[in-house]
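one predicted model, sequence on top.
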Amino acid sequence: RKSVVRITTGSQALDELLGGGIETLAITEAFGEFRSGKTQLAHTLCVSTQLPTSMRGGNGKVAYIDTEGTFRPDRIVPIAERFGMDPGAVLDNIIYARAYTYEHQHNLLLGLAAKMSEEPFKLLIVDSIIALFRVDFTGRGELAERQQKLAQMLSRLTKIAEEFNVAVYMTNQVVADPGGGVFVSDPKKPAGGHVLAHAATVRLMFRKGKGEQRICKVFDAPNLPESEAVFQITPGGIAD
Ligand code: ATP
Ligand code: MG
């Protein structure tokens, strides 16, 4: 039986909200407005996953699927230094791939699964899970097919998390929600509908606070209190 590993986000407050960090054997989804820190958390996890478990890391490699072209190797350097790690060695342990279509994204996952059976990975990032689906399936008539393909990809992610004891961290976009009433305080909801809601083990909603401050809320988890954590985006990555 595999045991859960919790990987630090770099913020103690955020780790506490998550019960210790981002969990293996699970899918953690982060959605929220632009510049709310979803990709910055991905970069921080690229480094913290490689820390020894005694330092709240995962002692493993990282796979990064980038659908928006926002991965920045240069950004890894100060984050690695902040955690006292050698940036070159950290970068060598990040397997990076840019996906251009949803089919490409799916094929990359198949290839990564093969790699994970050979080498010890502890984190798979998909930033973002939905962007290419929204490009490749436009129009109302294609929605059912889109959701079916999305479900297939998510089930692949679940399998990877469970088979290789890996944490899956995926980001999601927000879409306008008419809400059907005037009492909607936040008109934004996560994209991907029920299919995505069902696949994510933990759903996190990010929003901007003052300056570099960001707020994370556990979203739509009936078994957890509606608590929030405040964190910062710093040159050294996510922090308190
Ligand atoms: P999107 O929806 O557009 O993908 P996102 O949630 O992924 O947005 P991020 O790219 O994670 O947003 O966050 C961008 C923010 O991170 C910037 O607005 C800036 O505040 C902060 N940031 C980026 N680099 C640094 C840095 N080197 N030092 C401090 N803060 C930084
Ligand atoms: Mg981003």
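Structure received. Ligands and ions are numbered 1, 2, ... in the order given.

within range of ligand 2, give me the residues from this structure.
Residues of the chain found near ligand 2 (CB under 5 Å from the ion) are Lys38, Thr39, Thr70. Just so you know, the C-beta spots here come from the backbone N, C-alpha and C atoms, and that holds for glycine as well.

sitting in helices, which of those do you find?
Members of the residues of the chain next to ligand 2 lying in helices (criterion: DSSP state H): Lys38, Thr39.

of the residues of the chain next to ligand 2, closest to Lys159?
Comparing the residues of the chain next to ligand 2 against Lys159 with CB to CB places Lys38 closest, at 23.5 Å.

of the residues of the chain next to ligand 2 - the most surrounded one?
Within the residues of the chain next to ligand 2, neighbour counts (other CB atoms under 10 Å) peak at Lys38, which reaches 24 neighbours.

any idea which residue of the chain lies closest to ligand 2?
For the chain, the residue closest to ligand 2 is Thr39, as judged by CB to the ion, at 3.2 Å.

for stretch 121-139, buried residues please.
Of all the residues in stretch 121-139, those buried under the rule 16 or more other CB atoms under 10 Å are 121-133, 136-137.

model confidence over it, on average?
Average pLDDT, stretch 121-139: 95.

now Gly211: phi and psi?
Reported as degrees, to the nearest 10, the phi and psi values for Gly211 are phi 60, psi -120.

surely the residue of the chain closest to ligand 2 touches Thr67?
No: between Thr39 and Thr67 there is no contact under CB atoms under 8 Å: 11.2 Å.

any low-confidence regions in this structure?
Along the chain, the model assigns pLDDT under 70 to residues 177-187, 221-225.

which stretches in this structure count as strands?
6-7, 22-23, 26-32, 61-66, 94-98, 121-127, 167-172, 174-176, 188-190, 202-208, 213-218, 228-234, 237-239 (DSSP state E).

among the buried residues of stretch 121-139, which two are most distant?
The largest separation in those, counting by CB to CB, is between Lys122 and Phe137 at 31.9 Å.

what about ligand 1: which of the residues of the chain next to ligand 2 touch it?
Filtering the residues of the chain next to ligand 2 for neighbours of ligand 1 using CB under 6 Å from any ligand atom leaves Lys38, Thr39, Thr70.

list the contacts of the first one.
With contact set as CB atoms under 8 Å, 6 or more residues apart in numbering, Lys38 has these partners: Ala30, Phe31, Gly32, Asp127, Ser128, Thr171, Phe206.

again, but for the second one
Contacts were defined as CB under 8 Å, 6+ apart; by that measure Thr39 touches Glu68, Thr70, Phe71, Asp127, Thr171.

run a quick neighbour tally on the nearest residue to the fourth one once chain neighbours are set aside.
The spatial neighbour of Asp127 that comes closest, neighbours along the chain excluded (CB to CB, 6 or more residues apart in numbering), is Thr171 at 4.7 Å. The tally of other residues near Thr171 (other CB under 10 Å) stands at 27.
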